[in-house]
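fold the following.
(chains A and B)
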Amino acid sequence: MPLDEDFIRELTQVVWNTVLGLEIEPVAPGSEDAEEITTSVDITGAWAGTISLSFSRHLGRRVAAAMLACPESETTPALVRDVVGELANVIGGNMKGVLPGPCRLSLPRVEGAEAAGATHGHDHAQRLWFDCAGQPFTVTVHSSPSQLGG
Amino acid sequence: MKILVVDDSKAMRMIIQRTLRQAGFTAHTVSEASNGAEALAALRKEGFDLVLSDWNMPEMSGIELLTAVRSANIVVQFGFITSEGTPAMRQQAADAGAAFLIAKPFTVESFEQTLRGVLAA
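Residues are numbered from 1 along each chain as shown, chains lettered A, B, ... in the order given. This is a model prediction of the structure:
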């Protein structure tokens, strides 16, 4: 399976390090209470599914500040949405690159806490947990039923 | 040289400009557009030497922008900076007239290597 856990873990670490200059560590599954921002991209075509990243608002500000090279106090909700959406776009685009067959990547969506962890329309999910500067976040790959067994 | 950076992410437009500076390309004028349609309007209004464009954008995608630029006989060097760097997309970009494709996440070194010849011209 192209999107196995090792690939997702390594890609996430490379993106965090290259784009944000931040180190992250894989951690054991934890609470989802801190998931206040979820950003997602859809992949459709020969493979179909959704890639989601979920953070606390605090970590959202932290990654926005890192990407923009500015103090956290200078980040705005719009900039945080922009940055986390771009992270989903970069991770989703790189995942699309290893999938078989022609696929299409959607524009990123950014939603609040109410969408965190949503798996509607999908019945298989891989969720990986990471720690970034003491803050947890998750990367989830929801694949559509047609992908199971393939 | 005049460079037009096209990306729907304001943060990414800022990062591309910062990376250009970090790669040593400081003596250039950089303008921004947030999608292909906005970029096409800018290109029709004034001359640019290089377009650095995202692929996946609302309103008009990067490949649609490149096709429109070539159809309108606008003379400008064009390169993609995109998270989707598959061989098929690189071929599609080259077939449409793109000079290069830089994949996200990129590094200062990848900018320096790819743009050295383009921006030295």
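
what distance do you get for residue A:108 to chain B?
Computed with Cβ to the nearest Cβ, to the nearest Å, the distance linking residue A:108 and chain B is 9 Å. C-beta here means a position set from N, CA and C on the backbone, and glycine is covered the same way.

ah, wrong one, I meant residue A:144
As judged by Cβ to the nearest Cβ, residue A:144 and chain B stand 20 Å apart.

correct me if wrong: that residue contacts residue A:48.
Yes: the pair residue A:144 and residue A:48 qualifies as a contact (Cβ atoms under 8 Å) at a distance of 4.2 Å.

helices of chain B, start to end?
Across chain B, reading from the start of the chain, the helices by DSSP state H fall at B:10-22, B:36-45, B:62-71, B:87-96, B:108-120.

nearest to residue A:75, of the ones you listed?
The minimum distance between residue A:75 and those falls on helix B:10-22, with 10.0 Å, by Cβ to Cβ.

centre-most residue in chain A?
When chain A is reduced to its mean C-alpha position, the closest residue under Cα atoms, centre = their mean turns out to be residue A:53, at 2.7 Å.

restricting to C-alpha, output the helix or strand where that residue lies in CSV.
In this assignment (DSSP states H and E), residue A:53 forms part of strand A:49-55. Output of strand A:49-55 as CSV, limited to C-alpha atoms (Å, rounded to 0.1, in the frame of the first residue of the first chain):
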residue,chain,number,x,y,z
GLY,A,49,-9.7,9.6,0.1
THR,A,50,-9.1,12.6,2.4
ILE,A,51,-5.9,13.7,4.1
SER,A,52,-6.5,15.6,7.4
LEU,A,53,-4.2,17.4,9.9
SER,A,54,-5.6,18.4,13.3
PHE,A,55,-4.0,20.8,15.8
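
okay, residue A:30: pLDDT?
Reading off the per-residue confidence, residue A:30 sits at a pLDDT of 80.

residues contacting it?
For residue A:30, the set of contacting residues under the criterion of Cβ atoms under 8 Å, 6 or more residues apart in numbering or on different chains consists of A:129, A:136.

can you check residue B:57 too?
With Cβ under 8 Å, 6+ apart, residue B:57 has these contacts: A:107, B:6-8, B:34-36.

cool, and residue B:77?
Contacts for residue B:77 were tallied using Cβ under 8 Å, 6+ apart; they are B:49-51, B:99, B:118.

residue B:54 now?
Listed by Cβ under 8 Å, 6+ apart, the contact set of residue B:54 reads B:6-9, B:12, B:62, B:80-82.

and of the residues you listed, the nearest to residue A:15?
Using Cβ to Cβ, the shortest approach to residue A:15 within these belongs to residue B:12, at 12.8 Å.

tally of neighbours for the closest one?
With neighbours defined by other Cβ atoms under 10 Å in any protein chain shown, the count for residue B:12 comes to 23.

now it. Nearest residue, chain neighbours left out?
residue A:86 (5.4 Å; Cβ to Cβ, 6 or more residues apart in numbering or on different chains).

related to what we said a few turns ago, elements contacting the strand holding residue A:53?
In terms of contact count using 3 or more Cβ pairs under 8 Å, 6 or more residues apart in numbering or on different chains; DSSP states H and E, strand A:49-55 is assigned the packing partners strand A:37-45, helix A:77-96, strand A:135-143.

the first one vs chain B: in contact?
So that's strand A:37-45. No: against chain B, strand A:37-45 shows no contacts by Cβ under 8 Å from any Cβ of the partner chain, the least distance being 9.1 Å.

quick one: that strand to helix A:77-96, angle?
30 degrees (axes from the mean of the first three to the mean of the last three Cα atoms, to 10 degrees).

flag every buried residue along strand A:37-45.
Buried positions in strand A:37-45, judged by neighbour count with 16 or more other Cβ atoms under 10 Å in any protein chain shown: A:37-43.

ok, that strand: who's next to it in the sheet?
When pairs are called by DSSP bridges, strand A:37-45 turns out to pair with strand A:49-55 (antiparallel), strand A:103-105 (antiparallel), strand A:109-111 (antiparallel).
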